[in-house]
Every structure is written in C-alpha cells, then in structure tokens.
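# show me how the following folds:
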Amino acid sequence: MANESTNYQTQKYEDKKLVHFYDKILEKDNLEYDAQSKFLFQLICTKIAQLNHKTDQAKTLRNVMTIGIMLLSGTATIILGLKLAPEYWISKNSSNTALVLTSTTTFLSGLLSFWDIQTYWLRSKVMLNNLKELRYELAFALLSKSPTDTLELKQFLNRLVGIIGDEYWEKLMQKQGKEGHLATPNSSQMF
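Sure thing, here's the model as predicted:
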C-alpha cells in the first residue's frame, strides 16, 4: 500500500499540477491579481529559468574539466609506467607524450582554479533554491488572498533583489583591491 502513492505521483505529474497554479496567477484574464503582482511573479519565474540554465552549464563544465583532469593524469602515469618493447611508438615517445599530458593537466587545473567554477556553481545553486523558495511564498500569498497589498509586494521585491544581488562580484572586487591588484571604491565612498 505504501508504494501506491510513489508509483501514482510521478515527478512530471506533480510538476504539471504546480505549473497549473503558476499559470493561474499569470493568466491574462485573471482580474484577481494586479499588474504588479503578476509582474513580480513573472520576474521571479524568468530569473529562475535563466539561473537554472546557467547552473546546469556550470555543473557540466565543472564535471567535464574535473573528469578530464583525472583522465589525463591517469593516462600520463600509465604511459610513464609502461615497459614496452623499444619498437612500439609509445615506448619511444613515452616521456614526450607524458610531458604533453601533464602540461595539459596542469593548465586545466589552473584554469579550473582560476575560474573557480566549483564556487560559482554552488553559489548559483543556492541562489536558485532561494529564488524557488521566494516563488513558493509569493504564489502562496497570491493564492491565499487577493489583492496583495503594495507593501507586501515591496517586501517580496526587496527579497528578490537581495537574492539576485548577493554581492558575489562586489566581494571579489574588494578582495582584489585589498591584495593590491585592483582598487575599487566602496559604494559608500562614492557619495
């Protein structure tokens, strides 16, 4: 009996039901919700779609580079350790081949560290989850009563701006400025 609910309610089925509620909020003929409410909800949905794509790209890039580095490192180690007869090409050129593989591995490792893809992916994932939580809360507020007052919408908008503008780039620029590489004025110093 416990398996009935998991077999019946698949992820796609549940997603469709949730999207139905989202569509109800965004219907053009729906007079229950004012333009500000619909705009804010659509803005959150759009940001989620954009960030979801960027998060997937960062995850794919991180996985490809990490697996590539491991494969190249392993291949270089195997080539250096092979003891083949001198007539094989790999035996004659093993040190050169291993050198190329090792230098490529070093370059990719440096690039992975320089781009800091792991941190970017994790920050994007956290931001995406925060945006989804905000969308759930706004949808619940919009579906529970009508119309939502401007003050409450302003609070949702402020939370959205806080989530999107998580100061990632500002902190990075300030860190670079402290190290002496790049000096940027603080926003409070500008005025």
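
# separation between L128 and L160?
Here L128 is placed at a distance of 13 Å from L160 (Cβ to Cβ, to the nearest Å). For the C-beta atoms, the positions are set from N, CA and C on the backbone; glycine is no exception.

# and A76, by the same measure?
48 Å.

# excluding its backbone neighbours, what's nearest the spatially most central residue of the chain?
Closest residue to the average C-alpha location of the chain: T55 at 2.6 Å, with Cα atoms, centre = their mean. Of all residues not flanking T55 in the chain, S124 sits nearest, at 4.3 Å (Cβ to Cβ, 6 or more residues apart in numbering).

# same check, this time on T102
In this structure, T102 finds its nearest non-sequential neighbour in A76, 4.9 Å apart by Cβ to Cβ, 6+ apart.

# name the helices or strands packed onto the helix ranked longest in the chain?
Longest helix in the chain, counting residues (DSSP state H): helix 35-81. Under the contact definition 3 or more Cβ pairs under 8 Å, 6 or more residues apart in numbering; DSSP states H and E, helix 35-81 sits against helix 11-26, helix 94-115, helix 117-144, helix 150-164.

# now the first one against helix 35-81, angle please.
Note on geometry: by axes from the mean of the first three to the mean of the last three Cα atoms, to 10 degrees, helix 11-26 and helix 35-81 are set 150 degrees apart in direction.

# can you pull the buried residues of helix 11-26?
For helix 11-26, a neighbour-count test (16 or more other Cβ atoms under 10 Å) marks I25 as buried.

# and the pLDDT at K83?
Predicted confidence (pLDDT) for K83: 69.

# actually T119, not the one I typed
What the model reports as pLDDT for T119 is 88.

# how far away is it from E137?
Counting by Cβ to Cβ, the gap from T119 to E137 is 27 Å.

# same deal with N63?
Distance of N63 to E137, computed by Cβ to Cβ: 32 Å.

# also Y13?
The value you get for Y13 to E137, if Cβ to Cβ is used, is 23 Å.

# over to N52?
Applying Cβ to Cβ, the value for N52 to E137 is 18 Å.

# in this structure L131 contacts L43, no?
No - in this structure, L131 is not within contact of L43 by Cβ atoms under 8 Å, at 10.1 Å.

# quick one: low-confidence ranges for this protein?
With pLDDT under 70 as the threshold, the chain has low-confidence stretches at 1-9, 28, 30-32, 83-92, 145-148, 166-191.
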